[in-house]
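Chemist: what follows is a predicted protein model with its sequence.
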Protein chains: 2
Amino acid sequence: MGLLRFLPLLLVLSAIASAAASQSVLRMVSEGPPCGDGDDLYCDSWRLSEETNNAGYWKTIPARCLQFVAEYMNGDRFASDSAVVAAESLAFAQTVQVVGDGKDVWIFDVDETLLSNLPYYAVNGYGSEDFNETTFDEWVNLAKAPALPASLRLYEELLGLGFQVVLLTGRVEAQRNVTAENLSFAGYHSWNRLILREDSDIGKKAVRYKSGRRAELEAQGYRIHGNSGDQWSDLLGSPMAMRSFKLPNPMYYIQ
Amino acid sequence: MGLLRFLPLLLVLSAIASAAASQSVLRMVSEGPPCGDGDDLYCDSWRLSEETNNAGYWKTIPARCLQFVAEYMNGDRFASDSAVVAAESLAFAQTVQVVGDGKDVWIFDVDETLLSNLPYYAVNGYGSEDFNETTFDEWVNLAKAPALPASLRLYEELLGLGFQVVLLTGRVEAQRNVTAENLSFAGYHSWNRLILREDSDIGKKAVRYKSGRRAELEAQGYRIHGNSGDQWSDLLGSPMAMRSFKLPNPMYYIQ
């Protein structure tokens, strides 16, 4: 309680404020793919299993994989994985016949899809600690999450191709202003709409909330060609988009 | 034409027949995870993208990833990835209340799920060459594909838990006998049924054929708890199993 409660937030702020602090967050992190020990082999297999949804629900990352996840997120591999999924998304988007009636939609999730909360997770154990809604909401309210670079490029390219971009997030209506502010801060613009959880959505599992919103969009005549999200609950459920793209996120799982 | 047509098959036979030949197949392969160059970084991201179905349909592996795929399939990583998905499958299976009325089902695909065709692909470019139905069918007719060890262990454990095992394969009825023979050769036994493509299924996309068969099973009162396959077309489509498990296979993609 008291000051300790704000410690994670203070650490986030200091990480943002100073390059020196950023370096210290990365001090244990080396670059490049893993090439070795038993933990790396296991953790690489665990990461594949959570990315393919084989692992099902998990609450925190395996304790032995903390350094692996830190290295993955801060090294070349996360950037490379993100760039490849963006390239595949664009390759598909370029095959879509955009009609020009304003009904051709691409859906993006927000957290870990357009915006990176890595500055927060880097000082909160990279998913090894139980989720703390209080400190995470404080981080959200700062509206300073940076863009994921590959997603920002894809976003611009989709706008250029004539898609309507719909943002569909698990964040709640009370966070609308800070979310829009953060998206603008990170370089995003010109979205068709930003859909957040209304009071009636609170407590719904994400897959039900999000597929329900997709059904509403389709009922309004929108054609959902692509859907980009870091969670399987962004993508699964009926109706699905024509093509779904799972962005990497080995730090947390949302049901 | 002529002898050349049988060259891949002769190579397979010699690879099986002699340990020396097996060693030569592996001569360019080193063990362990990749740790380095640009191709490895790209190919690792490509592999994630095809395992998550982000890549969509692909006909052959990227040319620059031939050595990567060969190393992956023959090294520790494929074995580790296979063991982790089997462990996750078993962890889920142990939570299922098996009723004991013979209606609790686990579905397995056959190729690259129960049986490994690696001896064939090792001498046919690891997915870098166009699929050759003639030589592949000749390999199938040998009925000598080995078990994937993690799958064989899981299979035994599921039988022990009381599941009915249903095998659902894209192979055709004409291959029923060699398929059953090969499964027995590899150590599998006691399956409830082996479902193969009938004449009316020829030409159907795998996802339609397989989800159609799952619908028939459900209509017959079976409860499909788990579904294990190396292709997304083994797992997607309606109805899906309660939990689906994607086994690794970076060598080919079946629509």
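Modeler: Arrived safely, thanks for sending. As the structure is a computational prediction, the values presented were derived from the model and not from experiment.
Chemist: helix, strand or coil for residue A:105?
Modeler: Following DSSP: H, G, I helix; E, B strand; the rest coil, we place residue A:105 in the strand state.
Chemist: repeat for residue A:225
Modeler: strand.
Chemist: next: residue A:200.
Modeler: helix.
Chemist: tell me the contacts of the residue nearest the centre of chain A?
Modeler: The centroid of chain A falls nearest to residue A:112 when counting by Cα atoms, centre = their mean (1.7 Å). When contacts are counted by Cβ atoms under 8 Å, 6 or more residues apart in numbering or on different chains, residue A:112 touches A:148, A:230-231, A:247, A:249, A:251. To be clear about C-beta, it is placed using only N, CA and C from the backbone, and glycine gets the same treatment.
Chemist: ok, those vs residue A:211, which is closest?
Modeler: Nearest to residue A:211 among these: residue A:231, at 12.5 Å, using Cβ to Cβ.
Chemist: quick check: the two most widely separated of the contacts of residue A:112?
Modeler: Distance extremes for these: the farthest pair is A:148 and A:231 at 14.3 Å, using Cβ to Cβ.
Chemist: which of the contacts of residue A:112 sits closest to chain B?
Modeler: Chain B has its nearest neighbour among those in residue A:247, at 8.7 Å by Cβ to the nearest Cβ.
Chemist: so for the closest one, what's the nearest residue that isn't a sequence neighbour?
Modeler: Using Cβ to Cβ, 6 or more residues apart in numbering or on different chains and skipping residues adjacent in sequence, the residue nearest residue A:247 is residue A:230, 4.3 Å away.
Chemist: phi, psi for the one you found please.
Modeler: With angles defined as degrees, to the nearest 10, residue A:230 sits at phi -90, psi 0.
Chemist: also residue A:82?
Modeler: Dihedral angles (degrees, to the nearest 10) for residue A:82: phi -70, psi -40.
Chemist: so how far is chain B from it?
Modeler: 9 Å (Cβ to the nearest Cβ, to the nearest Å).
Chemist: doesn't residue A:249 make contact with that residue?
Modeler: No: between residue A:82 and residue A:249 there is no contact under Cβ atoms under 8 Å: 10.0 Å.
Chemist: adjacent strands (with direction) for the longest strand along chain A?
Modeler: Counting residues, the longest strand found in chain A (DSSP state E) is strand A:164-172. Sheet pairing of strand A:164-172 (DSSP bridges) gives strand A:104-108 (parallel), strand A:193-197 (parallel).
Chemist: next one: that strand to chain centre, how far?
Modeler: Relative to the centre of its chain, strand A:164-172 is centred 12 Å away, using Cα atoms, centre = their mean, to the nearest Å.
Chemist: so for that strand, what's the average pLDDT?
Modeler: If you average the pLDDT over strand A:164-172, you get 98.
Chemist: buried sites along it?
Modeler: Going by neighbour count (16 or more other Cβ atoms under 10 Å in any protein chain shown), the buried part of strand A:164-172 is A:164-171.
Chemist: now do stretch A:136-149
Modeler: For stretch A:136-149, by 16+ other Cβ under 10 Å, it's A:136, A:138-140, A:142-148.
Chemist: out of these, the closest to chain B would be?
Modeler: Among the buried residues of stretch A:136-149, and counting by Cβ to the nearest Cβ, the member closest to chain B is residue A:148, at 14.7 Å.
Chemist: residues of the stretch 51-200 of chain A that sit close to chain B?
Modeler: Those residues of the stretch 51-200 of chain A that sit near chain B, judged by Cβ under 8 Å from any Cβ of the partner chain, are A:51-56, A:76-77, A:80-81, A:83-85, A:88-89, A:92.
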